[in-house]
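Asks: Here is my input, please return the structure:
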Amino acid sequence: MTKLLFEFDRFPAEREAIGKMLIAYGEIEFALLTCMGAVLSDQTLDTCTRILFRVHGEGARIEVADAIIRPAFSKVGLSGKWSNAYGAAKKCKNIRNQYAHCHWLPLGSIMTFMDLDQDSRQPDGEIKLSLKTFNTVLIAAQQRYFEYCLDLLWFLEPEYRKQAGLPLGDDMHTVEPRPMDAPEQYISYSPSPATR
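Replies: Prediction:
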(Lines give C-alpha, C1' and ligand atoms only; values in the text may rest on other atoms or scores of the structure.)
Protein backbone atom coordinates (compact mmCIF):
# COMPACT_ATOMS: atom_id res chain seq x y z
CA MET A 1 0.00 0.00 0.00
CA THR A 2 1.29 3.47 -0.89
CA LYS A 3 2.03 5.78 2.01
CA LEU A 4 0.38 9.17 1.57
CA LEU A 5 2.74 12.13 1.21
CA PHE A 6 5.89 10.03 1.55
CA GLU A 7 7.59 12.72 -0.55
CA PHE A 8 7.30 15.02 2.46
CA ASP A 9 8.95 12.69 4.99
CA ARG A 10 11.96 15.02 5.10
CA PHE A 11 9.81 18.18 4.91
CA PRO A 12 7.26 17.86 7.77
CA ALA A 13 7.03 21.60 8.58
CA GLU A 14 6.39 22.47 4.95
CA ARG A 15 3.79 19.69 4.66
CA GLU A 16 1.97 21.07 7.70
CA ALA A 17 2.04 24.68 6.47
CA ILE A 18 0.83 23.75 2.98
CA GLY A 19 -1.89 21.56 4.50
CA LYS A 20 -3.06 24.46 6.66
CA MET A 21 -3.35 26.72 3.61
CA LEU A 22 -5.27 24.08 1.68
CA ILE A 23 -7.73 23.71 4.55
CA ALA A 24 -7.92 27.45 5.29
CA TYR A 25 -8.98 28.32 1.75
CA GLY A 26 -12.51 27.16 2.58
CA GLU A 27 -12.56 29.73 5.38
CA ILE A 28 -11.75 32.46 2.86
CA GLU A 29 -14.74 31.39 0.77
CA PHE A 30 -16.90 31.42 3.91
CA ALA A 31 -15.70 34.95 4.76
CA LEU A 32 -16.65 36.04 1.23
CA LEU A 33 -20.06 34.50 1.89
CA THR A 34 -20.55 36.57 5.05
CA CYS A 35 -19.65 39.77 3.18
CA MET A 36 -22.30 38.85 0.60
CA GLY A 37 -24.73 38.21 3.45
CA ALA A 38 -24.21 41.74 4.78
CA VAL A 39 -24.80 43.24 1.32
CA LEU A 40 -27.90 41.14 0.61
CA SER A 41 -29.25 41.43 4.18
CA ASP A 42 -29.34 37.64 4.37
CA GLN A 43 -29.11 37.02 8.12
CA THR A 44 -29.21 33.24 7.73
CA LEU A 45 -26.90 33.19 4.68
CA ASP A 46 -29.24 30.73 2.94
CA THR A 47 -29.58 32.75 -0.27
CA CYS A 48 -25.89 33.65 -0.33
CA THR A 49 -24.89 30.03 0.10
CA ARG A 50 -27.11 29.02 -2.80
CA ILE A 51 -25.67 31.77 -5.01
CA LEU A 52 -22.01 31.28 -4.18
CA PHE A 53 -21.75 27.50 -3.87
CA ARG A 54 -23.85 26.58 -6.88
CA VAL A 55 -21.07 28.20 -8.88
CA HIS A 56 -18.33 25.68 -9.61
CA GLY A 57 -14.70 26.69 -9.37
CA GLU A 58 -12.91 28.92 -6.90
CA GLY A 59 -12.16 31.66 -9.43
CA ALA A 60 -15.78 31.86 -10.55
CA ARG A 61 -16.95 32.11 -6.93
CA ILE A 62 -14.62 35.05 -6.26
CA GLU A 63 -15.90 36.80 -9.41
CA VAL A 64 -19.56 36.27 -8.43
CA ALA A 65 -18.85 37.57 -4.92
CA ASP A 66 -17.11 40.60 -6.40
CA ALA A 67 -20.04 41.36 -8.71
CA ILE A 68 -22.42 41.41 -5.73
CA ILE A 69 -20.18 42.99 -3.08
CA ARG A 70 -18.23 45.68 -4.97
CA PRO A 71 -21.14 48.02 -5.86
CA ALA A 72 -22.49 48.01 -2.29
CA PHE A 73 -19.09 48.46 -0.67
CA SER A 74 -18.30 51.30 -3.10
CA LYS A 75 -21.48 53.15 -2.08
CA VAL A 76 -20.28 53.31 1.54
CA GLY A 77 -16.68 54.26 0.78
CA LEU A 78 -15.08 50.81 1.05
CA SER A 79 -14.09 50.43 -2.59
CA GLY A 80 -10.33 50.47 -1.98
CA LYS A 81 -10.48 48.13 0.99
CA TRP A 82 -12.69 45.73 -0.96
CA SER A 83 -10.26 45.82 -3.90
CA ASN A 84 -7.49 44.77 -1.49
CA ALA A 85 -9.58 41.90 -0.13
CA TYR A 86 -10.63 40.81 -3.63
CA GLY A 87 -7.01 40.79 -4.80
CA ALA A 88 -5.90 38.91 -1.67
CA ALA A 89 -8.60 36.28 -2.15
CA LYS A 90 -7.51 35.77 -5.76
CA LYS A 91 -3.85 35.45 -4.75
CA CYS A 92 -4.74 32.93 -2.02
CA LYS A 93 -6.78 30.98 -4.57
CA ASN A 94 -3.78 30.83 -6.90
CA ILE A 95 -1.47 29.67 -4.11
CA ARG A 96 -3.99 27.09 -2.95
CA ASN A 97 -4.60 25.77 -6.46
CA GLN A 98 -0.93 25.40 -7.30
CA TYR A 99 -0.42 23.18 -4.25
CA ALA A 100 -3.71 21.31 -4.64
CA HIS A 101 -3.12 20.39 -8.28
CA CYS A 102 0.60 19.73 -8.46
CA HIS A 103 2.87 16.72 -8.46
CA TRP A 104 5.63 16.68 -5.83
CA LEU A 105 9.18 15.64 -6.62
CA PRO A 106 11.89 15.69 -3.94
CA LEU A 107 15.34 16.28 -5.43
CA GLY A 108 17.93 15.68 -2.75
CA SER A 109 17.48 18.30 -0.07
CA ILE A 110 14.99 20.34 -2.13
CA MET A 111 11.28 19.70 -2.62
CA THR A 112 10.10 20.64 -6.10
CA PHE A 113 6.70 20.48 -7.70
CA MET A 114 5.20 20.54 -11.16
CA ASP A 115 2.09 22.55 -11.95
CA LEU A 116 0.56 20.19 -14.48
CA ASP A 117 -2.48 22.48 -14.96
CA GLN A 118 -0.13 25.16 -16.26
CA ASP A 119 2.28 22.91 -18.15
CA SER A 120 -0.53 21.04 -19.93
CA ARG A 121 -1.56 24.25 -21.71
CA GLN A 122 1.31 23.80 -24.16
CA PRO A 123 -0.65 23.14 -27.38
CA ASP A 124 1.46 20.40 -28.96
CA GLY A 125 4.74 18.54 -28.91
CA GLU A 126 6.56 17.29 -25.87
CA ILE A 127 5.45 19.06 -22.71
CA LYS A 128 8.29 20.95 -21.11
CA LEU A 129 7.83 20.69 -17.38
CA SER A 130 8.70 23.71 -15.30
CA LEU A 131 9.86 22.73 -11.84
CA LYS A 132 9.07 25.06 -8.98
CA THR A 133 10.16 25.07 -5.38
CA PHE A 134 9.75 27.01 -2.15
CA ASN A 135 11.64 27.67 1.04
CA THR A 136 10.56 28.13 4.63
CA VAL A 137 10.57 31.93 4.26
CA LEU A 138 8.18 31.81 1.28
CA ILE A 139 5.87 29.26 2.91
CA ALA A 140 5.68 31.38 6.09
CA ALA A 141 4.91 34.51 4.03
CA GLN A 142 2.16 32.66 2.15
CA GLN A 143 0.64 31.42 5.39
CA ARG A 144 0.71 34.96 6.86
CA TYR A 145 -0.96 36.23 3.68
CA PHE A 146 -3.80 33.72 4.08
CA GLU A 147 -4.24 35.02 7.65
CA TYR A 148 -4.17 38.62 6.38
CA CYS A 149 -6.83 37.85 3.74
CA LEU A 150 -9.10 36.27 6.35
CA ASP A 151 -8.55 39.11 8.83
CA LEU A 152 -9.37 41.67 6.14
CA LEU A 153 -12.57 39.91 5.09
CA TRP A 154 -13.65 39.43 8.72
CA PHE A 155 -13.03 43.16 9.28
CA LEU A 156 -14.87 44.30 6.14
CA GLU A 157 -18.17 42.55 6.82
CA PRO A 158 -18.93 44.46 10.06
CA GLU A 159 -17.31 47.62 8.68
CA TYR A 160 -19.77 47.52 5.78
CA ARG A 161 -22.64 47.01 8.22
CA LYS A 162 -21.46 49.98 10.28
CA GLN A 163 -21.03 52.27 7.25
CA ALA A 164 -24.40 51.22 5.80
CA GLY A 165 -26.21 51.75 9.13
CA LEU A 166 -27.07 48.08 9.53
CA PRO A 167 -27.15 46.26 12.88
CA LEU A 168 -23.88 44.72 14.02
CA GLY A 169 -23.55 41.27 15.51
CA ASP A 170 -22.09 40.59 18.95
CA ASP A 171 -18.82 39.02 17.84
CA MET A 172 -17.52 41.35 15.15
CA HIS A 173 -13.89 42.05 14.17
CA THR A 174 -13.33 45.78 14.48
CA VAL A 175 -9.59 46.05 13.95
CA GLU A 176 -8.42 46.53 10.40
CA PRO A 177 -5.31 44.48 9.60
CA ARG A 178 -2.26 46.32 8.39
CA PRO A 179 -1.79 46.08 4.61
CA MET A 180 0.51 43.32 3.46
CA ASP A 181 2.25 42.79 0.16
CA ALA A 182 1.36 39.58 -1.62
CA PRO A 183 4.09 36.94 -1.46
CA GLU A 184 5.53 35.24 -4.50
CA GLN A 185 3.65 32.16 -5.59
CA TYR A 186 6.75 29.97 -5.99
CA ILE A 187 10.47 29.98 -6.70
CA SER A 188 11.55 28.79 -10.13
CA TYR A 189 13.78 25.76 -9.75
CA SER A 190 17.06 25.72 -11.63
CA PRO A 191 19.33 22.83 -10.72
CA SER A 192 22.91 23.75 -10.00
CA PRO A 193 25.46 22.57 -12.58
CA ALA A 194 26.65 19.89 -10.09
CA THR A 195 23.17 18.27 -10.00
CA ARG A 196 22.46 18.28 -13.74
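Asks: How is the most centrally placed residue in the chain assigned, secondary-structure-wise?
Replies: Centroid-nearest residue in the chain: Cys92, 2.0 Å away (criterion: Cα atoms, centre = their mean). Classification of Cys92 by DSSP: H, G, I helix; E, B strand; the rest coil places it in helix.
Asks: got the contact list for the helix or strand of the chain with the lowest mean pLDDT?
Replies: The weakest-scoring helix or strand in the chain, judged by mean pLDDT, DSSP states H and E, is helix 116-119 (a mean of 84). Applying Cβ atoms under 8 Å, 6 or more residues apart in numbering, the external contacts of helix 116-119 come out as Asn97, His101, Cys102, His103, Ile127, Lys128, Leu129, Ser130. C-betas here are computed from N, CA, C, even on glycine.
Asks: ditto for stretch 97-106
Replies: 7-8, 10-11, 18, 21-22, 58, 111-117, 131-132, 185-186.
Asks: Ends of stretch 52-64, what's the gap?
Replies: Stretch 52-64 has an end-to-end distance of 7 Å (criterion: Cα to Cα, to the nearest Å).
Asks: where's it relative to the chain centroid, distance-wise?
Replies: 13 Å (Cα atoms, centre = their mean, to the nearest Å).
Asks: mind listing the helices for this structure?
Replies: 12-40, 46-53, 58-75, 79-100, 116-119, 136-164 (DSSP state H).
Asks: Give the buried residues for the third one.
Replies: Think helix 58-75. Glu58, Arg61, Ile62, Val64, Ala65, Asp66, Ile68, Ile69, Arg70, Ala72, Phe73 (16 or more other Cβ atoms under 10 Å).
Asks: tell me the average confidence for stretch 88-96?
Replies: Mean pLDDT, stretch 88-96: 97.
Asks: Quick one: the helices of the chain as JSON lines, columns for distance to Thr2 too.
Replies: Converted to JSON lines, these look like this (distance: least, Cβ to Cβ, whole Å):
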{"stretch": "helix 12-40", "distance to Thr2": "16"}
{"stretch": "helix 46-53", "distance to Thr2": "32"}
{"stretch": "helix 58-75", "distance to Thr2": "28"}
{"stretch": "helix 79-100", "distance to Thr2": "19"}
{"stretch": "helix 116-119", "distance to Thr2": "19"}
{"stretch": "helix 136-164", "distance to Thr2": "25"}
